[in-house]
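Peer 1: Here is my input; please provide its structure:
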Amino acid sequence: MPTANIKAIAESSREKLKFAIDQLENFLNEYALPQLTDGANEDSAKAHAGLLSDLRHLLVFSEVAYEKLGALLRRPNFDNDAAERVLYDVYHQCVNNYFYPKNEAYSEDGRYAYTGQDAIRFRAKPSRAVRNIVLGVSRSYEELRDDLSYYESEYLTHRRMQGQTKS
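Peer 2: Residues are numbered from 1 along each chain as shown. Presented below is the predicted three-dimensional model:
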């Protein structure tokens with residue numbers, strides 16, 4: 001992949017991560033589990049607890065990737081290989097943690113992706129605030145997934161082939 005293209009992808013990925021980080025951080029600073037589950041049944045409370053845990057992990061992974069991208073972009077000489085490794089991590093840690101949360105409080109239903117409806121489906125009925133935050137950051141992570149699809153599998157294949165040809 002050309003250096004200019006990698007640098008542009010790194011810059012745009014950093015911007016998208018910044019938007020998601022701001023949203024997630026504001027939400028997690030504003031809400032606690034008792035606020036979100038006031039009067040909810042036990043299943044809903046468990047789903048909300050799991051979702052908050054997943055959002056905290058997503059925030060940390062996103063912040064780490066944001067900082068790594070920032071450090072790469074501030075260097076006088078852009079390091080292509082390091083940038084590709086970080087972009088690979090953005091895909092596999094940030095994007096995958098958004099679309100495949102550990103506690104499965106929500107999931108993506110691909111049947112809705114092309115209908116203009118929200119593709120995110122919740123396991124239990126979420127509070128309005130939870131629904132807003134999950135759907136609010138979905139566009140950032142969808143765009144990251146689209147931009148970084150190369151790093152899903154082709155990047156490792158390319159790296160392996162480079163390693164074999166250098167031997």
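Peer 1: Just the buried positions in whichever helix or strand Leu72 is part of, please.
Peer 2: Using DSSP states H and E, Leu72 falls within helix 42-74. Of all the residues in helix 42-74, those buried under the rule 16 or more other Cβ atoms under 10 Å are 44-48, 50-52, 54-55, 58-59, 61-66, 68-69, 72. All C-beta atoms are positioned from the backbone trio N, CA, C, and that covers glycine.
Peer 1: likewise stretch 128-142?
Peer 2: Buried residues in stretch 128-142 (16+ other Cβ under 10 Å): 130, 133-134, 137-138, 140-142.
Peer 1: all helices of this protein, in order?
Peer 2: Here the chain has its helices, by DSSP state H, at 3-30, 33-36, 42-74, 80-89, 96-99, 128-147, 150-166.
Peer 1: Ok, which of those helices comes nearest Asp109?
Peer 2: helix 96-99 (11.1 Å; Cβ to Cβ).
Peer 1: which secondary structure elements does that closest one contact?
Peer 2: helix 42-74, helix 128-147 (3 or more Cβ pairs under 8 Å, 6 or more residues apart in numbering; DSSP states H and E).
Peer 1: average pLDDT for stretch 30-38?
Peer 2: Mean pLDDT, stretch 30-38: 85.
Peer 1: Quote the end-to-end distance of that stretch.
Peer 2: 15 Å (Cα to Cα, to the nearest Å).
Peer 1: Next, the buried residues of it.
Peer 2: 31, 36-37.
Peer 1: which secondary element of this protein has the worst mean pLDDT?
Peer 2: Lowest mean confidence among the helices and strands of the chain (mean pLDDT, DSSP states H and E): helix 150-166, at a mean of 66.
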